[in-house]
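1. coordinates only, no sequence provided:
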């Protein structure tokens, strides 16, 4: 029995058991009513939010720091992630009508976005860690050139990790036309799930816990109580949101890996796992909508640039009290330290 996922995207399967056919029409109907609207909502919010991040980084911030480079690549990863969602939404409602080539392409694109987002979250976490905990060393290493080189390397890793999606996903004629992974051996399926758990959850979580723990310890010595409190709150929000949206999905993936065991190999359990993977996966998609808020618009400068952009697009609407302030007022990227005290400017990093 293969897992009810298509490279991380849900597909409704009909599994044969000793007592006959395990029908799952009710799961497909529920998904059509409830999951599809979530896919469309994630697509709209994720597309608009990440497009705004890219626009502001290029138009206003001009990609002047390593952090800007990582934010740009995170937004691109999230756009890859949401790009194929309308096609998967149609697939949930009907059969896969887009052919074998697009089945492989969209499965691979989804995985590139998935792994890319996880890897660039790791880089952004390390970037903040260096900037705050090792500030002097960071001034020498946090360069545009280093950011571009590491970004290229991580895209190569993301593409390499996504190869199973390109290779094994194919159109099959079952009781419906399916686009799903057709693994030549069960070990490939286990490897795929193991890879998603390690690169998508374990490594990012370990890096975040280590780096943010050190960052919090450093921030507690900061003299600015207001900035310290705000930064610590943001760190806890990042960790909680990451766990909330990704942990349930990865736990269900692990259960699916053991679906052939005697305990889990029955029709009712299979149905519950299918429903669980659908819901946890759909909820995990919302993380790509939150990435622009958590990693970009949570920063004061980014919010100001957003307000300026909105004011330029809709001049008669007053979004922020500082609309008439010139863009250059906020265009100071030269240092992580205030000129008067030499104290680290936390708001420039978090």
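-> Ah, there it is. Here the structure is a predicted model, which is why all the values come from computation and not from measurement. Numbering: from 1, shown residues only.
2. low pLDDT regions in the stretch 201-350 of the chain?
-> Residues of the stretch 201-350 of the chain meeting the criterion pLDDT under 70: 224-228, 259-266, 318-350.
3. how close does residue 289 get to residue 177?
-> Remark: distance between residue 289 and residue 177 (C-beta to C-beta, to the nearest Å) = 30 Å. (Each C-beta comes from the backbone N, C-alpha and C, glycine too.)
4. typo on my end, it should be residue 286
-> 29 Å.
5. same deal with residue 163?
-> 24 Å.
6. among these two, which residue is more densely surrounded?
-> residue 177 (15 against 12; other C-beta atoms under 10 Å).
7. for that one, give me phi and psi.
-> Note on residue 177: backbone dihedrals following degrees, to the nearest 10 are phi -90, psi 110.
8. hmm, it is touching residue 171, no?
-> Yes - if you go by C-beta atoms under 8 Å, residue 177 and residue 171 touch, sitting 6.3 Å apart.
9. shared neighbours of those two, anything?
-> Counting by C-beta atoms under 8 Å, 6 or more residues apart in numbering, the shared contacts of residue 177 and residue 171 are residue 96.
10. what residues sit buried inside stretch 58-76?
-> By neighbour count on 16 or more other C-beta atoms under 10 Å, the buried set for stretch 58-76 is 60-61, 65-76.
11. out of those residues, name the ones that lie in strands.
-> Secondary structure from DSSP state E places none of those in strands.
12. looking at those, spot the one nearest residue 198.
-> Among the buried residues of stretch 58-76, residue 74 lies closest to residue 198 (C-beta to C-beta), at 19.5 Å.
13. can you mark which positions in stretch 149-159 are buried?
-> So stretch 149-159, judged by 16+ other C-beta under 10 Å, has buried residues 150-151, 154-155, 158.
14. show the subsequent helix or strand relative to the longest helix anywhere in the chain.
-> Identified as the longest helix of the chain according to DSSP state H is helix 99-133. Once the chain leaves helix 99-133, the next helix or strand it forms, by DSSP states H and E, is helix 135-141.
15. mind listing what's buried in that following helix?
-> residue 138.
16. does anything pack onto it? Which helices or strands?
-> In terms of contacts (3 or more C-beta pairs under 8 Å, 6 or more residues apart in numbering; DSSP states H and E), helix 135-141 is packed against helix 99-133.
17. check the offset of the helix it packs on from the chain's centre.
-> Centroid separation for helix 99-133 versus its chain: 7 Å, with C-alpha atoms, centre = their mean, to the nearest Å.
18. quick one: average confidence on that helix?
-> Average pLDDT, helix 99-133: 92.
19. make residue 1 into 18 and carry on from there
-> Shifting the count to begin at 18 puts that one at helix 116-150.
20. how about it: buried residues?
-> 119-149.
21. same thing with stretch 58-68?
-> 59-60, 62-64, 66-67.
22. before we move on, what about stretch 186-201?
-> If you call a residue buried by 16+ other C-beta under 10 Å, then stretch 186-201 has these buried ones: 186, 188-189, 195-198, 200.
23. ok, back up a step: nearest to residue 109, of the buried residues of stretch 166-176?
-> Of all the buried residues of stretch 166-176, residue 175 has the smallest distance to residue 109: 25.5 Å, by C-beta to C-beta.
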